[in-house]
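Participant: Compute the structure for the input listed below.
(chains A and B)
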Number of protein chains: 2
Amino acid sequence: MNVNLEEAIEILERTPQTLKQFLSGLSDGWLQCNEGEGTWNAAEVIDHLIEGEKNNWIPRLEFIFQEGESKPFPPFDRYSHLHEKGEKSLEQKLQEFNTIRTQNITKLKSLVDPALHLELTGTHPAFGAVKASELISTWAVHDLTHIAQIVRVMAERYRTDVGPWVEYLGILKK
Amino acid sequence: MNVNLEEAIEILERTPQTLKQFLSGLSDGWLQCNEGEGTWNAAEVIDHLIEGEKNNWIPRLEFIFQEGESKPFPPFDRYSHLHEKGEKSLEQKLQEFNTIRTQNITKLKSLVDPALHLELTGTHPAFGAVKASELISTWAVHDLTHIAQIVRVMAERYRTDVGPWVEYLGILKK
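Facilitator: Reported below is the predicted structural model:
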């Protein structure tokens, strides 16, 4: 097992600022592109990350600590952010993500004593028994998967433009 | 065709700071992990990006403008950075990448008049005729592919730690 709380937090605390650095001020061409019907643009990915901060990671961790394996986690709609027609700018979303993530890292540190809590288990509605350490690892890797998604979506925009180099660009492999 | 010079530069100018924001100060566990024998860790990816700034993008663009299709580009060793046993820290590498990229963006802007030069062609040793616009698009997508690589390499470190959630994490799909 590689997970330890401090190292997982290193990822969690970098993601909002990394995305702000990368996305802030980009042209609409980059921000509105997606991979086709039913896929997300960068702003929709940020909405999804905010939604996870509100309804997924910390609430499920608290559920593990309160309920153990006695009841499954309340269901979490991974697409709920798509139902909201927000008026917020990307800059506001990036700020909101940063703020709620900072609060959640503070909560994580206060909730979890790594010597006592990482092996505690809850019940995932699809997977059955899961450990607190697995939830925390997943939270960090979930950040990484969505950073990768954002850059992949943007690369897709230049698929034709790169000409024959498409062959050398791993991110455009289908 | 989606490429335009200003929008390609938006990516090129963000990559060094984005990587600095993400990688600076990370534990060795994150910085030294790779995807197994023969694969790169984050610092090796930065070395490769620096190498491209020195020997690939601007030199090839200048070659197109000087030689047209008359001679193929001088060959470029995509693995040359692996032969150098550097003593530099990751922080120094990130700084070097930022400095040389900033210089190269200045050169790019002075070299290329989008109204005149994007359709000019050179000869790639493997692909044959390629356009300046394709080289510039590739430069930007090359940044994106290596950002994606860095986060994928780091995600791999937690493959086992995420437990059953591996099923939901696209970045861990093989």
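
Participant: what pLDDT does the nearest residue to A:Gly170 once chain neighbours are set aside get?
Facilitator: With C-beta to C-beta, 6 or more residues apart in numbering or on different chains as the criterion, A:Gly170 has its nearest non-adjacent residue at 5.2 Å, and that residue is B:Thr145. Heads up, the C-betas are built off the backbone N, CA and C, glycines and all. B:Thr145 is assigned a predicted lDDT (pLDDT) of 97.

Participant: Please apply the same query to A:Ala132.
Facilitator: Here the pLDDT value assigned to A:Ala132 is 97.

Participant: count of neighbours near it?
Facilitator: Using other C-beta atoms under 10 Å in any protein chain shown, A:Ala132 is surrounded by 22 other residues.

Participant: one step back: so what secondary structure elements neighbour whichever helix or strand the residue nearest to A:Gly170 is part of?
Facilitator: For B:Thr145, the enclosing helix or strand under DSSP states H and E is helix B:132-156. For helix B:132-156, the contact count by 3 or more C-beta pairs under 8 Å, 6 or more residues apart in numbering or on different chains; DSSP states H and E identifies helix A:132-156, helix B:5-23, helix B:42-55, helix B:57-67, strand B:121-124 as packing neighbours.

Participant: Need the winner for burial among these.
Facilitator: Neighbour counts averaged per stretch over these are highest for helix A:132-156, at a mean of 24; criterion: mean count of other C-beta atoms under 10 Å in any protein chain shown.

Participant: which residues does the spatially most central residue of chain A contact?
Facilitator: Among the residues of chain A, the one closest to the centroid is A:Asp143, at 3.9 Å (C-alpha atoms, centre = their mean). A:Asp143 makes contact with A:Ile11, A:Leu12, A:Thr15, A:Leu49 under the criterion C-beta atoms under 8 Å, 6 or more residues apart in numbering or on different chains.

Participant: Give the residue spans of chain A that score low on pLDDT.
Facilitator: By pLDDT under 70, the low-scoring segments of chain A are A:1-3, A:77-78, A:81-86.

Participant: what's the span of stretch A:23-31 from first residue to last?
Facilitator: Using C-alpha to C-alpha, to the nearest Å, the end-to-end distance of stretch A:23-31 comes out at 8 Å.

Participant: So which residues make contact with it?
Facilitator: A:41-43, A:46, A:90-91, A:94, A:150, A:154, A:157, B:2, B:6-7, B:10-11, B:14.

Participant: with the residues you listed in mind, which one is nearest to B:Pro75?
Facilitator: Using C-beta to C-beta, B:Ile11 is the member of the contacts of stretch A:23-31 that lies nearest B:Pro75, at 26.0 Å.

Participant: Contacts only, for the nearest residue in space to the closest one that is not next to it in sequence.
Facilitator: Beyond its immediate neighbours in the sequence, the residue positioned closest to B:Ile11 (C-beta to C-beta, 6+ apart) is B:Ala140, lying 4.2 Å away. Neighbouring residues of B:Ala140 by C-beta under 8 Å, 6+ apart: A:Tyr158, B:Ala8, B:Ile11, B:Leu12.

Participant: rerun that using 10 Å as the cut-off
Facilitator: Contacts here follow C-beta atoms under 10 Å, 6 or more residues apart in numbering or on different chains; on that basis B:Ala140 touches A:30, A:154-155, A:157-158, A:161-162, B:3, B:7-12, B:14-15, B:57.

Participant: Please apply the same query to A:Val112.
Facilitator: With contacts defined as C-beta under 10 Å, 6+ apart, the neighbours of A:Val112 are A:Leu5, A:Ala8, A:Ile9, A:Leu61, A:Phe65, A:Leu118, A:Leu120, A:Ala132, A:Ser133, A:Ile136.

Participant: out of these, who's nearest B:Pro74?
Facilitator: Within the set of the contacts of A:Val112, A:Ala8 lies nearest B:Pro74; the separation is 45.1 Å, counting by C-beta to C-beta.

Participant: what's the nearest residue to the closest one if we skip its chain neighbours?
Facilitator: The shortest distance from A:Ala8 to any residue that is not its chain neighbour, by C-beta to C-beta, 6+ apart, is 4.6 Å, and that residue is A:Ala140.

Participant: For A:Thr99, see how far away the one you found is.
Facilitator: 19 Å (C-beta to C-beta, to the nearest Å).

Participant: out of the helices and strands packed on helix B:132-156, which comes closest to A:Leu172?
Facilitator: Across the helices and strands packed on helix B:132-156, the minimum distance to A:Leu172, taken as C-beta to C-beta, is reached by helix A:132-156, at 6.0 Å.

Participant: For A:Leu118, which non-adjacent residue is spatially closest?
Facilitator: In this structure, A:Leu118 finds its nearest non-sequential neighbour in A:Ser133, 4.0 Å apart by C-beta to C-beta, 6+ apart.

Participant: now do the same end-to-end measure for stretch A:121-128.
Facilitator: Using C-alpha to C-alpha, the span of stretch A:121-128 from its first residue to its last is 10 Å.
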